[in-house]
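Participant: no FASTA, just this:
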């Protein structure tokens, strides 16, 4: 066990490292939000739903492509729509909520580590989380997972602080109310997992510790009342307006999706283990020992074992989603802040993060990335995507080089200045991930419709809503956002099956009906794959090519270019425009 003097010295080094890294982290955190287009399907979907919410003024019933869309609750839609109203409809403002909640999670970890101890755990937890590959990626990509992760982390931290001092009943009540409110916001972020996963973790902890008294300290009455006041009103109102909501959201979207493999997201039982090891890089080597020591228990009898609870929280989430027949990598993002806090507490207690052991593994990951960048053009089989990969490979190689250089610098200075080595690893990790993300703009032509809409001349304008715009046998979910209007789906349902069934007039069920409408109608536009375009052209369907990228073709029925209107600006840009000539 290290003496108090080395422990205090190590805590001081960690505080210095955090202060040095904080400014760079803050800059790099937001630097790339607008550098690349919104990718389909997730980013296009979660930008378009709030855009339509703001445009329609209906903040209760979410719609995607003007069709009812009940897969997720509305908290992030509301936040993103508010961002659009303030700043305008851009890729960076669409990604602002994940970025803000991700950074808020880092700050919450600093606070939690400081309050829970040992000295230095707070700054180190913040650095580890901010520079972990998986956590950082989730904060830069537009999905609902980072918002959920923040509110689940707030639930966990509030619970830990509530039971830190058994004698302070007033503090326990206050922090438990925070935990209940955080669970309500987690449920409004993504659904039942916001309350089910914390509940399962509590049950697992009580079983392992055999501490049933903990269940009596939950402030059930006040907590359930606070939870209901925050979480339930939207569910009640949306059900009253849409009778089909309850079955789709609770039965199909939660239970059927979890239990049935029909969502085409299968994976073996160990699916999340390599993802977790990759996602915690560069700190993965420190994780194994921390988990082992947490499993043995670190708290005196009768006290809340913080480390064991953090380990159980992580294990419950991984096991829960591993048992599902529908798997996606982002499902385990809520594990990563807990593991960052666990690693930080373990390192602060022992007075060492073993940076000279971590650095070689980071260098190895960087070398593997360099090899991947070299081999990537040969590995991609899709011809449209393969044509764009040479433009991305240098970015990926640059990320690998940054990780190798950072690891080398950290290894060289680790003995002389552990704070400098920590900053070198963290900043090179963060910068490498950002470079890798910035380079994705070279793949916009395949994964996003921004370039296509730019070719139409509508990137900063709204596409005229009078003429129909068909999406034929495909649906790029980024297209409506960049067009500034919904499209009419043709022979495509997928996740919009409920919406097309409820509002069939907004849907064309067959290619034959589309062709008939196209031939007999007036001004009209359509987007389709190059293969569909070639087939319809061979059949003699009258089409004029307007724009084309690696994955899509836009055609018009007549020779007219589309009429465009100015795109909506946000409130703040409008005010600045009036104040600054």
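Facilitator: It's in. Since we're looking at a predicted model, the values are computed, not measured.
Participant: In stretch 206-219, which residues are buried?
Facilitator: 209, 211, 217, 218, 219 (16 or more other C-beta atoms under 10 Å). To be clear about C-beta, it is placed using only N, CA and C from the backbone, and glycine gets the same treatment.
Participant: Apart from its chain neighbours, what residue comes closest to residue 537?
Facilitator: residue 543 (6.5 Å; C-beta to C-beta, 6 or more residues apart in numbering).
Participant: what's the burial count for the nearest residue to residue 143 once chain neighbours are set aside?
Facilitator: Nearest non-adjacent residue to residue 143, counting by C-beta to C-beta, 6+ apart: residue 42, 5.1 Å away. Counted with other C-beta atoms under 10 Å, residues neighbouring residue 42 total 18.
Participant: check contacts around residue 42.
Facilitator: Residues near residue 42 by C-beta atoms under 8 Å, 6 or more residues apart in numbering: 141, 142, 143, 477.
Participant: from the residues you listed, which single one is nearest residue 313?
Facilitator: Each of the contacts of residue 42 was checked against residue 313 using C-beta to C-beta; the closest is residue 143, at 20.8 Å.
Participant: Wait, a helix at the closest one?
Facilitator: No. For residue 143, which was evaluated using DSSP: H, G, I helix; E, B strand; the rest coil, the result is coil, with no helix membership.
Participant: Residue 95 is in contact with that one, correct?
Facilitator: No. Contact criterion C-beta atoms under 8 Å: residue 143 and residue 95 do not qualify, at 9.9 Å.
Participant: which SSE is residue 555 in?
Facilitator: strand 553-556 (DSSP states H and E).
Participant: gap between that strand and the chain center?
Facilitator: Chain-centre distance of strand 553-556: 32 Å, with C-alpha atoms, centre = their mean, to the nearest Å.
Participant: Which other helices and strands does that strand contact?
Facilitator: strand 525-528, helix 530-538, strand 544-548 (3 or more C-beta pairs under 8 Å, 6 or more residues apart in numbering; DSSP states H and E).
Participant: Mean neighbour count and mean pLDDT added to these, as JSON lines?
Facilitator: Shown next, in JSON lines, are those (neighbours: other C-beta atoms under 10 Å; pLDDT from 0 to 100):
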{"stretch": "strand 525-528", "mean neighbour count": "24", "mean pLDDT": "92"}
{"stretch": "helix 530-538", "mean neighbour count": "15", "mean pLDDT": "92"}
{"stretch": "strand 544-548", "mean neighbour count": "16", "mean pLDDT": "89"}
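Participant: before we move on, back to that, could you tell me which residues touch both of residue 143 and residue 95?
Facilitator: Contacts common to residue 143 and residue 95, judged by C-beta under 8 Å, 6+ apart, are residue 43.
Participant: contacting residues around the closest residue to residue 48 other than its chain neighbours?
Facilitator: In space, and not counting its chain neighbours, residue 48 is closest to residue 481: 4.4 Å by C-beta to C-beta, 6+ apart. Listed by C-beta under 8 Å, 6+ apart, the contact partners of residue 481 are 38, 44, 47, 48, 51, 89, 94.
Participant: Surely the second one and residue 477 touch.
Facilitator: Yes. Residue 44 is within contact range of residue 477, at 3.5 Å (criterion: C-beta under 8 Å).
Participant: Endpoints of stretch 235-250, how far apart?
Facilitator: 11 Å (C-alpha to C-alpha, to the nearest Å).
Participant: Use 535 as the first number for this chain going forward.
Facilitator: New numbering, starting at 535: the last item is stretch 769-784.
Participant: Give the buried residues for that stretch.
Facilitator: In stretch 769-784, counting by 16+ other C-beta under 10 Å, buried: 769, 772, 776, 779, 782, 783, 784.
Participant: mind checking the SS state of the first one?
Facilitator: This points to residue 769. helix.
Participant: quick one: residue 857 and residue 851, what's the gap?
Facilitator: Distance from residue 857 to residue 851, counting by C-beta to C-beta, to the nearest Å: 11 Å.
Participant: For those two, indicate the residue with more neighbours.
Facilitator: Legend: neighbour count by other C-beta under 10 Å for residue 857 and residue 851, higher for residue 851 (25 against 11).
Participant: what's that one in contact with, if anything?
Facilitator: Contacts of residue 851 by C-beta under 8 Å, 6+ apart are 731, 735, 865, 866, 868, 869.
Participant: can you check residue 1057 too?
Facilitator: Taking C-beta under 8 Å, 6+ apart, we find residue 1057 in contact with 1000, 1001, 1090, 1091, 1092, 1094.
Participant: what are the phi and psi values for residue 641?
Facilitator: phi -70, psi -40 (degrees, to the nearest 10).
Participant: so it touches residue 660, yeah?
Facilitator: Yes. In this structure, residue 641 is within contact of residue 660 by C-beta under 8 Å, at 6.9 Å.
Participant: which residues of the stretch 635-784 of the chain score low on pLDDT?
Facilitator: Along the stretch 635-784 of the chain, segments meeting pLDDT under 70 are nowhere present.
Participant: all helices for it, in order.
Facilitator: Secondary structure of the stretch 635-784 of the chain (DSSP state H, counting those that start in this stretch): helices located at 655-665, 667-674, 679-696, 703-724, 727-743, 754-775, 779-780.
Participant: which one of these is the most hemmed in?
Facilitator: helix 655-665 (a mean of 30; mean count of other C-beta atoms under 10 Å).
Participant: Looking at the chain, which helix is longest?
Facilitator: helix 538-565 (DSSP state H).
Participant: which of the contacts of residue 1015 has the weakest pLDDT?
Facilitator: Of all those, residue 623 carries the smallest pLDDT score, 92.
Participant: Which secondary structure state is assigned to it?
Facilitator: coil.
Participant: May I have the phi/psi pair for it?
Facilitator: phi -90, psi 100.
Participant: residues near it, how many?
Facilitator: Every residue meeting other C-beta under 10 Å relative to residue 623 is counted, giving 26.
Participant: Leaving out the residues flanking it, which one is nearest to it?
Facilitator: Spatially, and ignoring its direct neighbours in sequence, residue 623 is nearest to residue 585 (5.8 Å; C-beta to C-beta, 6+ apart).
Participant: my guess is that neighbour meets residue 622, correct?
Facilitator: No. Proximity of residue 585 to residue 622 does not meet the contact threshold set by C-beta under 8 Å, at 10.8 Å.
Participant: ok, these two, which is more surrounded?
Facilitator: Shown here are residue 585 and residue 622; by other C-beta under 10 Å, residue 585 has more neighbours (21 against 18).
Participant: what's downstream of the one helix or strand that one maps to, the next helix or strand?
Facilitator: Residue 585 is located in helix 576-590, with elements delineated by DSSP H and E. Downstream of helix 576-590, the first helix or strand assigned by DSSP H and E is strand 597-598.
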